[in-house]
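Q: Coordinates for the following, if possible.
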Amino acid sequence: MSFDFFGIIDSQRACRRFSADPVDEGDIDRMLESASHAPSAENSQPWVFVVVQNDDIRREIASLATQVWLNGRAYVEGTLAPNILRDVDEFVNGCFGNAPTLVVVCADLRRVSESLAASSIYPASQNLLLAANALGYGSIFTHFSVNCGEELQSILGLPSEISPYGIIAIGRPDGRLGIPRREPIGPKTHRDRFGTPWAPGEARPLE
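A: Have a look, this model is predicted:
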């Protein structure tokens, strides 16, 4: 099976509404294998994945997410666009958009220091998101519930050295996902020093 590498990257976006169709376990294995090929600090490969499909456990995790969102919603009302705020409300109150599978991405702090863990866990999470897109699934990475780390560890039976860093909801999209909206990279890119515009093919001497 061949894939359009850049097409997969360019079309990957957050999905907040999922159908009830289950996620094939063979596809989950492929996503996790892709995640495991991410770079990691000192090749420590500290990631630990908890795949949650049990309805009761998903509801417990969603309840934590609702608690976090309600506590922090007022702080982002002025920064999020109304449509995104509405989507997040529906996503959280709808048990992670009714995603049939949640993957809790954790770091084994016996294998990596806490200061370096994120630099390993987030690339692995991105690989998983891209693999989900390549396989035709929608997905979204969230920090919901991670802010209630001890409660989440209790729900999942995680030992103290296994720290949750994010939750990825996965499922077939409930409806067509639109084209990701991205700002142009030109104003965000500089040549050699900040303030010198990046213009391919137009190298300029330092002033």
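
Q: Every contact and neighbour count from this point should use C-alpha atoms.
A: Noted.

Q: In contact with residue 155, which residues?
A: By Cα atoms under 8 Å, 6 or more residues apart in numbering, residue 155 lies in contact with 57, 60-61.

Q: For it, give its distance to residue 58.
A: 10 Å (Cα to Cα, to the nearest Å).

Q: Put the buried members of the contacts of residue 155 into a PyMOL selection.
A: In PyMOL syntax, the buried subset of the contacts of residue 155 is picked out as below (16 or more other Cα atoms under 10 Å):
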select buried, resi 60+61
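
Q: can you redo the contacts of residue 155 as a markdown table with pLDDT?
A: Below are these laid out as a markdown table (pLDDT from 0 to 100):
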| residue | pLDDT |
| --- | --- |
| 57 | 95 |
| 60 | 92 |
| 61 | 92 |
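
Q: Out of the contacts of residue 155, name the ones that lie in strands.
A: Within the contacts of residue 155, no residue falls in strands by DSSP state E.

Q: In PDB, list the C-alpha atoms belonging to stretch 163-181.
A: These are the backbone C-alpha positions of stretch 163-181, laid out as PDB (Å, rounded to 0.1, in the frame of the first residue of the first chain):
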ATOM      1  CA  SER A 163       3.100   9.700  34.000                       C
ATOM      2  CA  PRO A 164       0.300  10.500  31.500                       C
ATOM      3  CA  TYR A 165       1.100  13.300  29.000                       C
ATOM      4  CA  GLY A 166      -1.900  13.300  26.700                       C
ATOM      5  CA  ILE A 167      -5.000  11.500  25.500                       C
ATOM      6  CA  ILE A 168      -5.600  10.800  21.800                       C
ATOM      7  CA  ALA A 169      -9.200  10.100  20.700                       C
ATOM      8  CA  ILE A 170      -9.500   8.000  17.600                       C
ATOM      9  CA  GLY A 171     -12.400   6.800  15.400                       C
ATOM     10  CA  ARG A 172     -14.100   7.200  12.100                       C
ATOM     11  CA  PRO A 173     -15.100  10.900  11.600                       C
ATOM     12  CA  ASP A 174     -18.800  11.600  11.900                       C
ATOM     13  CA  GLY A 175     -19.000  13.600   8.800                       C
ATOM     14  CA  ARG A 176     -16.400  15.000   6.400                       C
ATOM     15  CA  LEU A 177     -13.400  16.800   7.800                       C
ATOM     16  CA  GLY A 178     -12.600  20.100   6.200                       C
ATOM     17  CA  ILE A 179      -9.300  21.400   4.900                       C
ATOM     18  CA  PRO A 180      -6.900  22.400   7.800                       C
ATOM     19  CA  ARG A 181      -6.600  26.200   8.100                       C
END
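
Q: so where do the helices sit in this protein?
A: Along the chain, the segments classed as helices by DSSP state H run 5-11, 25-35, 55-76, 82-93, 114-134, 149-156.
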